[in-house]
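Colleague: no sequence on this one, just coordinates:
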């Protein structure tokens, strides 16, 4: 990740914290717009509903708001990473309280400290940023093929029809070539 991109993200996070401290309603709306989708995805992919995701996110925003209002709040990771980690912990706790927790998740919960959890999520966030940069450099139609297959879960036949390939095997070959290019771009960026 470039230093310019990192400093811009840090500045945006500092502005958000300042907005929360001053009670700016627009800042809270931006938090919901920018970060709720990742929490919704995390909760719904782990035995939850959209209403439960809303409740978890609301709790996390309240935690953040209270910590900022108490003063002296220092963000040691990206705000996105911090909110994700808080939401994840709240969701794991709720799952445990309802008896819906998997054993391996409970073991993880008991042995990993909050700081370590944040560090893991910060690393994942950095890797995702590198992947986003690689996808941006990948270009079309590869970016759309990768997105449609891995994110939207479309079949090779659907991709074949959308992009005008003669058959699903040709679309599959193109996806493979696109993946190879994406891996090369990602690992090149990751080794800088």
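Modeller: Thanks, I have the structure now. Every value quoted in this text rests on a predicted model; they were computed, and no experiment measured them.
Colleague: gap between the nearest residue to residue 40 once chain neighbours are set aside and residue 94?
Modeller: Excluding its sequence neighbours, the residue lying closest to residue 40 (C-beta to C-beta, 6 or more residues apart in numbering) is residue 53, at 4.4 Å. From N, CA and C alone the C-beta is placed, and that goes for glycine too. Residue 53 sits 11 Å away from residue 94, taking C-beta to C-beta, to the nearest Å as the criterion.
Colleague: Next: residue 71.
Modeller: Distance from residue 71 to residue 94, counting by C-beta to C-beta: 29 Å.
Colleague: one step back: now do the same contact list for the residue nearest to residue 40.
Modeller: Taking C-beta atoms under 8 Å, 6 or more residues apart in numbering, we find residue 53 in contact with 36, 39-40, 42-44.
Colleague: all helices of the protein, in order?
Modeller: Ranges of helices within the chain are 3-21, 25-44, 50-70, 79-97, 103-111, 114-138, 142-146, 156-163, 168-190, based on DSSP state H.
Colleague: need the contact list for the most centrally placed residue in the chain.
Modeller: Taking C-alpha atoms, centre = their mean as the criterion, residue 38 is the residue nearest the geometric centre of the chain, at 5.2 Å. With contacts defined as C-beta under 8 Å, 6+ apart, residue 38 is in contact with 80, 84.
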